[in-house]
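In: My questions are about this predicted structure, shown below with the sequence.
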Amino acid sequence: MLTVDFDRLGATADSRILDMGCGGGRHAFEAWRRGATVVAFDYSEAELKEVRGVLGGMLDAGELPHGERGGAVNGDALQLPFADATFDGVIASEVLEHLWDDERAIAELVRVLKPGARMAVTVPTRWPERVCWALDYRYHDTPGGHIRIFRQHELEAKLEAAGVWLRGSHHAHALHSPYWWLQCATGVNRVDRHWTVRKYHDFLAWQITKQPAWVNSLDRALNPVLGKSLVVYVQKVMS
């Protein structure tokens, strides 16, 4: 399930896209499907191994019309191994809340973005995130956990200070917020997940797989007030 709207990002078959902190690769895979040249970038080599495996499967299944363009790269978000103005589009989805120096990471993302190109940044929405923090401290006080909660205006101010113009925002994944509240209320690190969490997970998996219109409509209607993710689109200032 995508968090970023690729039409608002402006990704095309001619684009070179960086998915910074790609995790499992969901946004990178969509960019590849659209024919873009993609760099799936992550600090975790284990995540990148899975991305490479799925990418190979997509190639074998003929899902990539232009073949494999780009690849998976391991590295540090605070020191990206790319030249200035390399990418036509950048995605940083659910990454900045994990980083000790988010402003430096933002500066790096803007540096490698071409002038006039767009970037999509997503972070957990403030109030659903605060509920998770209140329900179980292990949600944030753990290696690799969320170390900060963003207010929208604070994130936007940091982005603008790095040299971009704001180009809109929205919220996503409203139906995921109750899932994480249940997780935290019953123990976010439990090995044997509570039955309520398992049932809700099955519901979300069904939504992603079957894409029922009524559930997707409900999700969109609730996004402004319940959306788990805040998505901000920016454009790099023309030099």
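Out: Cool, the structure landed. The model shown is predicted, which means the values in this text are computed figures rather than measured ones.

In: dump the residue contacts of the residue nearest to the spatial centre of the chain.
Out: Central residue of the chain (C-alpha atoms, centre = their mean): residue 93, 2.0 Å from the mean position. By C-beta atoms under 8 Å, 6 or more residues apart in numbering, the contact set of residue 93 is 3, 4, 19, 21, 23, 27, 120, 121, 122, 229. The C-beta positions use only the backbone N, C-alpha and C, and glycine is treated the same way.

In: Checking the nearest residue to it once chain neighbours are set aside next. Helix, strand or coil?
Out: Nearest non-adjacent residue to residue 93, counting by C-beta to C-beta, 6 or more residues apart in numbering: residue 122, 4.4 Å away. What DSSP: H, G, I helix; E, B strand; the rest coil gives for residue 122 is strand.

In: could you measure residue 122 against residue 4, distance?
Out: Going from residue 122 to residue 4 by C-beta to C-beta, to the nearest Å gives 7 Å.

In: Between the two, which contacts overlap?
Out: 93, 231.

In: Which stretches in this structure count as helices?
Out: For the chain, applying DSSP state H gives helices covering 6-9, 26-33, 45-60, 102-112, 126-135, 152-161, 176-186, 195-210, 213-226.

In: so where's this protein uncertain?
Out: Judged against pLDDT under 70, the chain has no low-scoring part.

In: try 90
Out: In the predicted model, the chain carries pLDDT under 90 at residues 1, 10-14, 60-69, 140-145, 189-191, 238-239.

In: Next, count neighbours for residue 117.
Out: When neighbours are defined as other C-beta atoms under 10 Å, residue 117 has 23 of them.

In: actually residue 82, sorry about that
Out: With other C-beta under 10 Å as criterion, residue 82 counts 17.

In: mind listing what it touches?
Out: Per C-beta under 8 Å, 6+ apart, neighbours of residue 82: 18, 39, 112.
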